[in-house]
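In: All I have is the shape, not the residue letters:
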């Protein structure tokens, strides 16, 4: 009888563990989908894609010219103009960390002149995963002059 009880208990624990793993993998994919919606919208100037990744309460926070700045979602998305993705443009998810229904992530976007580093807070609500906050910084790409060809 003990063996039967032990086997049943192990089966139940295994099913529960597999369900939690499947949920975590699904959440990770959904978080990536939300972040990629943002990245792809940035790449093509698609304000609808970017806005769809944001919760209505979304805010951008950054520090520039000795001033802390906050930009709301409605003000942020008005400046977009659709365009093809530039050849010298790339975006990538650096990391995602999540527990239950909250997450944070780091995204890098590289343009011809600048590297943008964005940190996001995300939350899962009934409608799915949304970016609720973004803090951002940018820095010029480090470039060095090409060495002169050797003279003969």
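Out: Alright, I've got the coordinates. Keep in mind that what you see is a predicted model, and the values were worked out from it rather than measured. Numbers count the residues shown, from 1 in each chain.

In: per-residue pLDDT, residue 57?
Out: Model confidence at residue 57, given as pLDDT, is 94.

In: shouldn't residue 116 be in contact with residue 109?
Out: Yes - Residue 116 lies in contact with residue 109 (C-beta atoms under 8 Å); the separation is 4.3 Å. Every residue, glycine included, has its C-beta placed from N, CA and C.

In: More neighbours: these two, which one.
Out: With neighbours defined as other C-beta atoms under 10 Å, residue 116 and residue 109 compare such that residue 109 has more, 19 against 15.

In: tell me the SS of that one?
Out: strand (DSSP: H, G, I helix; E, B strand; the rest coil).

In: Tell me who's in contact with it.
Out: By C-beta atoms under 8 Å, 6 or more residues apart in numbering, the residues touching residue 109 are 39, 42, 89, 90, 91, 115, 116, 118.

In: Give me the distance between it and residue 27.
Out: According to C-beta to C-beta, to the nearest Å, residue 109 and residue 27 sit 24 Å apart.

In: now the strands for the chain?
Out: 54-64, 67-72, 90-99, 102-110, 114-125, 128-140 (DSSP state E).

In: No further questions, thank you.
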